[in-house]
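> take this sequence and fold it.
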Amino acid sequence: MEREHYLINDLTNENVKTQVKNALEKIEGVNKVCIDLGRGSVEVIYNEPATRDEIKICIEDTGHKIQY
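Prediction:
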(Lines give C-alpha, C1' and ligand atoms only; values in the text may rest on other atoms or scores of the structure.)
Protein backbone atom coordinates (compact mmCIF):
# COMPACT_ATOMS: atom_id res chain seq x y z
CA MET A 1 0.00 0.00 0.00
CA GLU A 2 1.11 3.50 -0.81
CA ARG A 3 0.25 6.63 1.13
CA GLU A 4 0.17 10.21 -0.14
CA HIS A 5 -0.41 13.36 1.88
CA TYR A 6 -1.38 16.71 0.37
CA LEU A 7 -2.11 20.20 1.64
CA ILE A 8 -4.89 21.79 -0.38
CA ASN A 9 -6.15 25.36 -0.63
CA ASP A 10 -9.83 26.03 -0.10
CA LEU A 11 -10.83 22.98 1.95
CA THR A 12 -13.33 25.11 3.79
CA ASN A 13 -16.51 23.13 4.42
CA GLU A 14 -18.23 19.74 4.38
CA ASN A 15 -19.47 20.15 0.80
CA VAL A 16 -15.94 20.64 -0.51
CA LYS A 17 -14.70 17.75 1.63
CA THR A 18 -17.38 15.46 0.21
CA GLN A 19 -16.67 16.56 -3.36
CA VAL A 20 -12.94 15.81 -3.09
CA LYS A 21 -13.46 12.55 -1.20
CA ASN A 22 -16.03 11.24 -3.69
CA ALA A 23 -13.81 12.09 -6.65
CA LEU A 24 -10.79 10.32 -5.11
CA GLU A 25 -12.79 7.25 -4.13
CA LYS A 26 -13.78 6.74 -7.79
CA ILE A 27 -10.15 6.02 -8.70
CA GLU A 28 -9.57 2.29 -9.00
CA GLY A 29 -7.07 1.21 -6.34
CA VAL A 30 -7.86 3.95 -3.80
CA ASN A 31 -8.58 2.24 -0.47
CA LYS A 32 -9.08 5.13 1.94
CA VAL A 33 -9.36 8.92 1.86
CA CYS A 34 -8.95 10.97 5.04
CA ILE A 35 -9.61 14.71 4.89
CA ASP A 36 -8.87 17.14 7.73
CA LEU A 37 -10.65 20.44 7.15
CA GLY A 38 -8.83 22.16 10.03
CA ARG A 39 -5.43 21.47 8.50
CA GLY A 40 -6.54 21.55 4.88
CA SER A 41 -4.98 18.14 4.37
CA VAL A 42 -5.87 15.07 2.36
CA GLU A 43 -4.36 11.63 2.93
CA VAL A 44 -4.90 8.92 0.34
CA ILE A 45 -4.06 5.25 0.86
CA TYR A 46 -3.95 3.28 -2.36
CA ASN A 47 -2.65 0.32 -4.35
CA GLU A 48 -2.10 -0.24 -8.04
CA PRO A 49 -3.53 0.58 -10.53
CA ALA A 50 -3.91 4.01 -8.86
CA THR A 51 -0.89 6.29 -9.24
CA ARG A 52 0.40 9.42 -7.49
CA ASP A 53 -0.07 11.44 -10.69
CA GLU A 54 -3.65 10.21 -11.13
CA ILE A 55 -4.47 11.28 -7.56
CA LYS A 56 -2.92 14.74 -8.04
CA ILE A 57 -4.82 15.29 -11.29
CA CYS A 58 -8.06 14.18 -9.64
CA ILE A 59 -7.64 16.71 -6.82
CA GLU A 60 -6.82 19.50 -9.26
CA ASP A 61 -9.79 18.54 -11.46
CA THR A 62 -12.10 19.25 -8.51
CA GLY A 63 -10.88 22.87 -8.70
CA HIS A 64 -8.38 22.85 -5.84
CA LYS A 65 -4.68 23.57 -5.85
CA ILE A 66 -2.13 21.43 -4.04
CA GLN A 67 0.32 23.42 -1.92
CA TYR A 68 3.97 22.53 -2.45
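
> what is the helix or strand bottoming out on mean pLDDT in the chain packed up against?
Within the chain, no helix or strand scores below strand 66-67, which has a mean of 92 by mean pLDDT, DSSP states H and E. In terms of contacts (3 or more CB pairs under 8 Å, 6 or more residues apart in numbering; DSSP states H and E), strand 66-67 is packed against strand 2-8, helix 52-61. All C-beta atoms are positioned from the backbone trio N, CA, C, and that covers glycine.

> partner strands of the shortest one, parallel or antiparallel?
Sheet partners assigned to strand 2-8 using DSSP bridges are listed as strand 41-46 (antiparallel), strand 66-67 (antiparallel).

> report the inter-axis angle for that strand versus helix 52-61.
With axes from the mean of the first three to the mean of the last three CA atoms, to 10 degrees applied, the angle from strand 2-8 to helix 52-61 works out at 30 degrees.

> centre of the chain to strand 2-8, how far?
Taking CA atoms, centre = their mean, to the nearest Å, one finds the center of strand 2-8 at 7 Å from the center of the full chain.

> what mean pLDDT would you report for the longest helix seen in the chain?
Longest helix in the chain by number of residues, with DSSP state H as the criterion: helix 14-25. Averaged across helix 14-25, pLDDT comes to 96.

> can you list the residues that contact that helix?
8, 10-11, 30, 33, 35, 37, 42, 44, 55, 58-59, 61-62, 64 (CB atoms under 8 Å, 6 or more residues apart in numbering).

> neighbours of Asp10, how many?
For Asp10, the count of nearby residues is 12 (other CB atoms under 10 Å).
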